[in-house]
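1. sequence and predicted structure, then a few things I'm wondering about:
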Amino acid sequence: MEQVKGQFQSEYTAIAAAARSGNVGRLREVLSHSRLPQPAQGALLGIVTRGGGAALTGFLAQIKTELDSQAQRVGEAATTAALAQIKQQLDSQATTIGSEVTSGIRESFAEAIHRIYFYLLFVSIIGLLISIFVPQIPLRKTLEHASELPTPAVE
């Protein structure tokens, strides 16, 4: 915003210097590169051609006011455009980062599951080997009643 105001201020300074010098050729050159509307340029050239004086001072004050107003509008428009562009870039980056994070989470989850099954394979093999060496005890074939069970000796 300050850059825009600085550009408009330097434009006003150049216009005012050329108008106060009374050199119409120099003033035409400065006005050809200015943002001043054509009717205002014509009026300024007419005032300088007639000799300037108090009318020139008053008109330069009006020009300064108009250029300050233009600087404000241009600055606000530039700020709005810059903010819109920044928002668009941030949205694009957020989408990219979101997909990268999602991909990273999926890859991490897959790697974790892979490791779990890898280590469980060894645990299963060890369990199988242990079960092979456990002696086989046959199940009983009859049901004994509680009264026929031996009672423990009490001392």
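-> Perfect, thanks for sending it.

2. from Thr96, how far out is the residue nearest in space to the middle of the chain?
-> Among the residues of the chain, the one closest to the centroid is Leu90, at 2.6 Å (CA atoms, centre = their mean). Leu90 sits 11 Å away from Thr96, taking CB to CB, to the nearest Å as the criterion. (C-beta placed from N, C-alpha, C; glycine too.)

3. same question, Ser124
-> Distance from Ser124 to Thr96, by CB to CB: 42 Å.

4. just Ile130 next, same as before
-> From Ile130 to Thr96 the distance is 52 Å (CB to CB).

5. and what of Ile132?
-> Shown here: Ile132 relative to Thr96, a distance of 55 Å by CB to CB.

6. then Ala112?
-> 25 Å.

7. next: Phe133.
-> 57 Å.

8. do the same with Leu27
-> 54 Å.

9. likewise for Ala82?
-> 21 Å.

10. which SS state does Leu36 fall under?
-> For Leu36, the assignment made with DSSP: H, G, I helix; E, B strand; the rest coil gives coil.

11. sorry, back to before: more neighbours: Leu27 and Thr96, which one.
-> The neighbour comparison of Leu27 against Thr96 (other CB atoms under 10 Å) goes to Leu27, with 22 against 10.
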